[in-house]
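Trainee: Give the three-dimensional model of this entry:
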Amino acid sequence: MQAQSIAATAVLAESMGTAAAALSKVNAAASVQTTQKAMQDFIRQQEIAGLSEEMVDDALADAFDEPGTEAEADHLVTQVLAEVGVQATSGLVAAPDARLPQAEQEKQGEGEISDAELRRLLASL
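Mentor: Purely as a prediction, here's the structure:
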């Protein structure tokens, strides 16, 4: 048992030495000033991108938040589709209007639950 413990400690010490050597090489290769400069440049570019995004959002909101803009856009889309020869509803399938069986049952007994049904529901909790 003690021999296994000593062997495990030796393997751990060797692994730690290898890791320390690898980290020393990384530290020698990486310059702190270069890394800091890269991080500062990245932060600056993120701030610029954020400001640009805000400006574009504000400009789009100002341009399209006028009354009637949506109706005008719909009209233009319909006009373009008509010129191309495509009808906006040509590929749409009519939605079924049949009621679901569950909805019919709920409609028939709306608001009425028998005592037996109520007990069953409470027991299932």
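Trainee: from here on, contacts and neighbour counts on C-alpha atoms
Mentor: Noted.
Trainee: what's the offset of the helix or strand where residue 57 lies from the middle of its chain?
Mentor: Here residue 57 is covered by helix 32-64, with elements defined by DSSP states H and E. Its chain's C-alpha centre and that of helix 32-64 lie 21 Å apart, by C-alpha atoms, centre = their mean, to the nearest Å.
Trainee: for it, what is the average pLDDT?
Mentor: Averaged over helix 32-64, pLDDT sits at 90.
Trainee: Now do the helix or strand following that helix: distance to the chain's middle.
Mentor: Downstream of helix 32-64, the first helix or strand assigned by DSSP H and E is helix 69-84. Averaging C-alpha coordinates over helix 69-84 and over its chain gives two centres that are 31 Å apart (C-alpha atoms, centre = their mean).
Trainee: any idea of the angle helix 69-84 forms with helix 32-64?
Mentor: When axes from the mean of the first three to the mean of the last three C-alpha atoms, to 10 degrees is applied, the directions of helix 69-84 and helix 32-64 differ by 80 degrees.
Trainee: Flag every buried residue along helix 69-84.
Mentor: Across helix 69-84, burial judged by 16 or more other C-alpha atoms under 10 Å covers no residue at all.
Trainee: So which elements touch it?
Mentor: Using 3 or more C-alpha pairs under 8 Å, 6 or more residues apart in numbering; DSSP states H and E, no helix or strand is in contact with helix 69-84.
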